[in-house]
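> predicted coordinates and the sequence they were generated for:
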Amino acid sequence: MFVIVAKYLIPKGYRGLTVFPFVFIKYAFDSENKVLVNHEKIHLRQQLELLVLPFFVWYFVEYAVRLLQYKNANLAYKNISFEREAYANEQHLNYLVTRTYFSFLKYLKTNKP
């Protein structure tokens, strides 16, 4: 994993972005943020499981489906299965030690608010 500070590469409203094998963060001080870095490491594992390119195809297709479902960009993003897994487990710093393969599949099903 390579952590790179790239203030202008990260979209507004976000602090990190992962494209295997790189983790881009907006602010240098976030490289010490264990929760944020763990969130991004979870995305690295997801990308490895799906061989990177299929991860991004799935990510954007699921985002489009969630956008149709929720009619709200932020809700759509928060309900992408990859994001749901990462947010649910970002504070468990040993999560990747016990995580089973394709765990994001458990987060596919959502309930409309």
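Alright, I've got the coordinates. Numbering: from 1, shown residues only.
> burial of the nearest residue to Q91 once chain neighbours are set aside, as a residue count?
Among residues not flanking Q91 along the chain, V35 sits closest, at 5.6 Å (CB to CB, 6 or more residues apart in numbering). No exception for glycine: its C-beta is placed from N, CA and C like everyone else's. Using other CB atoms under 10 Å, V35 has 12 other residues around it.
> what does L93 give?
Using other CB under 10 Å, L93 is surrounded by 13 other residues.
> how much space separates it from V37?
For L93, the distance to V37 equals 9 Å [CB to CB, to the nearest Å].
> re the thing from before, surely the residue nearest to Q91 touches E90?
Yes - the pair V35 and E90 passes the contact test of CB atoms under 8 Å, sitting 5.1 Å apart.
> now L96: which helix or strand?
Assessed by DSSP states H and E, L96 sits inside helix 95-98.
> can you list contacts of that helix?
Outside helix 95-98, the residues that touch it by CB atoms under 8 Å, 6 or more residues apart in numbering are N38, K41, I42, R45, N89.
> export those as a markdown table, with columns for pLDDT.
As requested, these are exported to a markdown table (pLDDT from 0 to 100):
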| residue | pLDDT |
| --- | --- |
| N38 | 98 |
| K41 | 98 |
| I42 | 98 |
| R45 | 98 |
| N89 | 98 |
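> what about those, which one has the most neighbours?
Neighbour max across the contacts of helix 95-98 (other CB under 10 Å) = I42, 25 neighbours.
> contact partners for it?
Per CB under 8 Å, 6+ apart, neighbours of I42: E85, A86, N89, E90, Y95, L96, R99.
> then R45?
Each residue near R45 by CB under 8 Å, 6+ apart is listed here: L96, R99.
> and it, that one's in a strand?
No - with DSSP: H, G, I helix; E, B strand; the rest coil as the criterion, R45 is helix rather than part of a strand.
> helices or strands up against the longest helix anywhere in the chain?
Looking across the chain with DSSP state H, the single longest helix is helix 53-70. The helices and strands touching helix 53-70, judged by 3 or more CB pairs under 8 Å, 6 or more residues apart in numbering; DSSP states H and E, are helix 34-49, helix 73-78, helix 81-89.
> cool, thanks, talk later.
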